[in-house]
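**Q** Model the following, please.
(chains A and B)
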Amino acid sequence: MKNKLSILAFTLLAVAGTVSAATPFEKMMSSSFQAKGQAGLDRLDQDAAQKFCSNPVNLDGGGDPKTREKIQKENMATIKQPSDGKYLGDWKSGEKIAQSGRGATWSDKAGSVNGGGCYNCHQINIKEVSYGNIGPSLWNYGKLRGYSKEVVEYTWNRINNSKAYNVCSNMPRFGHFKLLNEKQMQDVMALLLDPESPVNK
Amino acid sequence: MKTRILYGVIIGLFAVLQGCSSSAKNEASTAAAPAGGAPTDEIEKYRAMIADGNPADLYEAAGEDIWKKPMGPKNVSLQKCDLGMGPGVVKGAYTQLPKYFKDTNQVQDLESRLVTCMTKLQGYDANEIIKAGFSKGKRKDLEAVVAYVVAESKGMPINVVAKHPKEKQAYQMGKESFFYQGGPMDFSCASCHASNGKRIRLQDLPNLTEQKGAALGWGYWPAYRVSSGTFWTMQRRLNDCYRQQRFPEPIYISEDTIAVSMYMAVNAKGGTMNAPGLKR
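**A** Down below sits the predicted model:
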């Protein structure tokens, strides 16, 4: 019994030893940041996708295709379909969510409502001239793609967890990290896929 | 008095810009087909309009006074401070920073080097400056000195090189940090600053991985920031990048902030130092 305990203790020490043998880069990262507001130090802990996409070689479709595929599958598995079965909410509210880039910084109040920040990177309604171009234009999104079940489900999945389709997609995982709630995602869906939305006029 | 007039001019011009951009926006909305780049042209016009009265000038003047005035527990000036070209040499010193310093055995950017001088020469407490927050306490004096030192390199070519092993390591780790994704939005610096022609809303994003883009980024900061009405050092610029990246807060003059600066500055080599700049 005593022996077993000392073996256990030894193993624990060995594990702790390997953990603390940080690389110079890891030491730099852990000594250079401090928690502030809702932005804790745990935000520096990477999941598989973040780790993979921190290697510039893996960006833009590069890197080991098997690892890429595996991480995408894992992300796909986390996506929940809408609990009430409805994919489309209110496009007017969706436009407001798309306009707001607020949320999740150390200066935002914890628990306050986040925006989607969609216009930061996408053209959506062409009446809004202040839009970014990191993502593709979403003008006429439904009109061009149609309103089929496949298009609707794909769009839902993509907003929830873009990494399910492209592991190094630049788009935040709005559902996965609870940046937007289910209703907000339904509203953004309507902005893109309600035939009545100005985006599809 | 002079200060007040300058601020008045800036505020007035800012109002003019707002008028310009909102009328441009309305035109585009009614025409329903916005001409590509029109709103960004307006921003360029505005920048040119106010470039003559950059309030960073005021910080430069204050910084020069602080540099020359005996201060601190030891009551000495910063005139013996070695910014890398020998004690007291200010002209051109910023074009070579960050760099390795033998006396501290560290790669230092301008701000960390000034903290060293204020500690060793003047007897201030480094922690007090590090914990002060931007525009506060002794940090405010340091920021003015930054404006003065940077202005003494204005128009000169950026000449930061990674030669010493510690400089090479800082560059490499800065690069690794630049691509390091984390946080609830999976962002790294590279998410926004690793390809050409990208924008967030109407804000152009320089590609900091290439010489041209890095020179646009590194060469125009520090700057007077009109939207916040304050002079922003490079450390403050990086702090706000990390905030928007949804990261925890980078500690002032921490190893990471200096490494990322080293990565940008080396990439920018050969470009022109245009700072102190003027930003929206």
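**Q** make it CA atoms for all contacts and neighbour counts henceforth
**A** OK.
**Q** mind listing the strands for the chain?
**A** Went with chain A since none was named. Counting by DSSP state E, chain A has strands at residues A:33-34.
**Q** Actually, chain B is the one I wanted.
**A** According to DSSP E, the strands that chain B contains are B:99-101, B:106-108, B:198-200, B:203-205, B:223-225, B:230-232, B:249-250, B:277-279.
**Q** Not counting the last one itself, show me its contacts.
**A** Counting contacts by CA atoms under 8 Å, 6 or more residues apart in numbering or on different chains, the residues outside strand B:277-279 that touch it are B:47, B:51, B:54, B:56, B:220-226.
**Q** Write out the residues of chain B neighbouring chain A.
**A** Neighbours of chain A within chain B, by CA under 8 Å from any CA of the partner chain: B:25, B:28-29, B:32-34, B:173, B:176, B:179-188, B:191-192, B:198-203, B:243-251, B:254-257.
**Q** so where is the chain shaky, pLDDT-wise?
**A** In the absence of a named chain, this looks at chain A. A:1-20 (pLDDT under 70).
**Q** my bad, chain B
**A** In chain B (pLDDT under 70), the answer is B:1-40, B:47, B:50-51.
**Q** re earlier: distance to residue B:163 added to the strands of chain B, as TSV?
**A** TSV is the format used below for the strands of chain B (distance: least, CA to CA, whole Å):
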stretch	distance to residue B:163
strand B:99-101	9
strand B:106-108	11
strand B:198-200	32
strand B:203-205	29
strand B:223-225	28
strand B:230-232	29
strand B:249-250	26
strand B:277-279	28
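**Q** So for residue A:149, which of the ones you listed sits nearest?
**A** Closest to residue A:149 of those, according to CA to CA: strand B:198-200, at 31.6 Å.
**Q** centre of the chain versus the closest one, how much separation?
**A** In terms of CA atoms, centre = their mean, to the nearest Å, the centre of strand B:198-200 is set 20 Å apart from its chain centre.
**Q** Give me the buried stretch members for it, please.
**A** B:198-200 (16 or more other CA atoms under 10 Å in any protein chain shown).
**Q** next one: stretch A:112-132
**A** Residues of stretch A:112-132 classed as buried: A:113-132 (neighbour count, 16+ other CA under 10 Å).
**Q** filter these down to the ones close to chain B.
**A** A:119-121, A:126-132.
**Q** Residue 183: neighbour count?
**A** Picking chain A for this. A count of nearby residues for residue A:183, using other CA atoms under 10 Å in any protein chain shown, gives 17.
**Q** That was the other one, I meant chain B.
**A** Neighbour tally, residue B:183, other CA under 10 Å: 25.
**Q** for it, what are its contacts?
**A** A:43-46, B:245-247.
**Q** what about 6 Å?
**A** The neighbourhood of residue B:183, defined by CA atoms under 6 Å, 6 or more residues apart in numbering or on different chains, consists of A:43, B:246-247.
**Q** just checking, which of the residues you listed belong to helices?
**A** Applying DSSP state H to these, no entry is found in helices.
**Q** so who does the most centrally placed residue in chain A touch?
**A** Centroid-nearest residue in chain A, with CA atoms, centre = their mean: residue A:173, separated by 1.5 Å. Contact analysis of residue A:173 by CA under 6 Å, 6+ apart lists A:160-162.
**Q** Just the buried residues out of the contacts of residue B:183, in ChimeraX syntax.
**A** In ChimeraX, a selection of the buried entries from these looks like this (16+ other CA under 10 Å):
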select /A:43 /B:246,247
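**Q** quick check, nearest of the contacts of residue B:183 to residue A:199?
**A** Among the contacts of residue B:183, and counting by CA to CA, the member closest to residue A:199 is residue B:246, at 29.5 Å.
**Q** near chain B, which residues of chain A?
**A** A:32-35, A:39-41, A:43-44, A:46, A:50, A:54, A:105, A:120-121, A:127, A:130-134, A:172, A:177 (CA under 6 Å from any CA of the partner chain).
**Q** Quick check: helices, which of those are part of them?
**A** Using DSSP H, the residues of chain A next to chain B in helices are A:32, A:50, A:120-121.
**Q** Run a quick neighbour tally on residue A:23.
**A** The burial count for residue A:23: 9, using other CA under 10 Å.
**Q** and the gap between it and chain B?
**A** 11 Å (CA to the nearest CA, to the nearest Å).
**Q** how much space between that residue and residue B:174?
**A** 14 Å (CA to CA, to the nearest Å).
**Q** just residue B:137 next, same as before
**A** Applying CA to CA to residue B:137 and residue B:174 gives a distance of 29 Å.
**Q** Also residue B:77?
**A** Residue B:77 is 33 Å from residue B:174, by CA to CA.
**Q** can you pull the contacts of the residue lying closest to residue B:69 once chain neighbours are set aside?
**A** Distances taken as CA to CA, 6 or more residues apart in numbering or on different chains place residue B:77 nearest to residue B:69, at 5.0 Å, with adjacent residues excluded. Listed by CA under 6 Å, 6+ apart, the contact set of residue B:77 reads B:68-71.
**Q** give me that answer again for 10 Å
**A** Residue B:77 is in contact with B:65-71, B:117-118, B:121-122, counting by CA atoms under 10 Å, 6 or more residues apart in numbering or on different chains.
**Q** Likewise for residue B:228?
**A** B:279-280.
**Q** For residue B:238, state which of the ones in helices among the residues of chain A next to chain B is nearest.
**A** Using CA to CA, those come closest to residue B:238 at residue A:32, 12.5 Å.
**Q** For the contacts of strand B:277-279, name the two members farthest from one another.
**A** Checking the contacts of strand B:277-279 with CA to CA, the most distant pair is B:47 and B:222, at 15.7 Å.
**Q** Between the two, point out the one with more neighbours.
**A** residue B:222 (27 against 18).
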